[in-house]
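In: what follows is a predicted protein model with its sequence.
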Amino acid sequence: MAKNAVQFQPGISLPVFLAQYGSEEQCRQALFQQRWPQGFRCPDCGHAGHCRLTQREVFQCNRCKRQVSLTSGTLFADTKLPLRTWFLAIYLLTQNKNGISALSLRRQLGVSYNTAWLIKHKLMQAMVERDHERPLSGQIQLDDAYWGGERHGGRSGRGSPGKTPFVAAVQCTPDGHPVRMRMDVVTGFRKTVLSAWAQRCLTPGSAVVSDGLNCFPGVTWAGCSHEAIVTGGGPPTEPAFVWVNTLLGNVKNALHGTYHALRPKYLQRYLSEFCYRFNRRFELAALVPRLLYAAAHTPPLPYTLATMDV
């Protein structure tokens, strides 16, 4: 049986990762390159001339005298941890197909649980923001989904208060192969909600196929065409939805298998983490520098913001 080339990628091994990012100086050089690939530029005036104050580990602009540390203005701002710890966390998050829990991350990094949790959520937020403004286009498979189950003594079905609704969409090639996906938490399945989602997440002119749920024609208000295929109940078997159903099953299995508990207010980050890896699955070894770039260009996320609703 032929091996799936994507599934059997070598990725980046731990020895190779440590050879590239094993020292603090290597990590600092890698972060500098991702933040200023053309050399240092002052964030205030844009001037390139600068000096390095080694005692304080900051760069000082020769024109406006603004002092900038390597991590200021990035996701690593005000960190007390070595960059080696952050880079190892990036490696563990990107190279595990089903993700890694904060508890497992704590054991791997040798930090407290609260620190591991914050590192993970900061990096997941970088994933959220990296894909947030990248709409899908072309042929789109669309489906509704829920996270969570019925609460004891509560209502069953769509109205269950224990469920968090989200939209799953997969962009496919003309011959039906998946290209990119996104999963977005929504307030409910109404035409106005799906229209607003489509305006933000789909390119006008996209061809959307979905089941017969009444809210999905709302995507036409965003300039997309829509085809509804009524499927009825039972297991999903319609070929038009093969990839969105497959990926929904994969993400739910991954979340259930990796995390013992998942708060609904953080669901978007966990969904975006899965989508981030899937959308870059063809270059597994490049995920480390790509997430490093995203972290270097994501604004700081202090604890008070990290614990707010996403």
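Out: Right, received. Where do you want to start? All of these numbers come straight from a predicted model, not from anything done at the bench. Numbers count the residues shown, from 1 in each chain.
In: strands along the stretch 1-150 of the chain, start to end?
Out: 50-53, 58-61, 67-69, 139-147 (DSSP state E, counting those that start in this stretch).
In: of all these, which lies closest to Glu24?
Out: Closest to Glu24 of these is strand 67-69 (CB to CB; 14.3 Å). Quick note: C-beta positions are derived from backbone N, CA and C, even for glycine.
In: packing partners of the closest one?
Out: strand 58-61 (3 or more CB pairs under 8 Å, 6 or more residues apart in numbering; DSSP states H and E).
In: tally of neighbours for the residue lying closest to Ala169 once chain neighbours are set aside?
Out: With CB to CB, 6 or more residues apart in numbering as the criterion, Ala169 has its nearest non-adjacent residue at 5.0 Å, and that residue is Leu142. Using other CB atoms under 10 Å, Leu142 has 25 neighbouring residues.
In: mind pulling up the pLDDT for Leu142?
Out: We have a pLDDT of 97 for Leu142.
In: do the same with Lys122
Out: 97.
In: so it touches Thr74, yeah?
Out: No: Lys122 is beyond contact range of Thr74, at 10.2 Å (criterion: CB atoms under 8 Å).
In: got any residues that touch both of the two?
Out: Common contacts of Lys122 and Thr74 (CB atoms under 8 Å, 6 or more residues apart in numbering): Ala295.
In: higher neighbour count, these two?
Out: Lys122 (24 against 20).
In: contacting residues around that one?
Out: Applying CB under 8 Å, 6+ apart to Lys122 gives the contacts Leu75, Ala295, Leu301, Ala306.
In: make TSV from the residues you listed and add secondary structure and neighbour count to it.
Out: Compiled in TSV, the contacts of Lys122 are given as follows (DSSP: H, G, I helix; E, B strand; the rest coil; neighbours: other CB atoms under 10 Å):
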residue	secondary structure	neighbour count
Leu75	coil	23
Ala295	helix	26
Leu301	coil	20
Ala306	helix	18
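In: much appreciated, bye for now.
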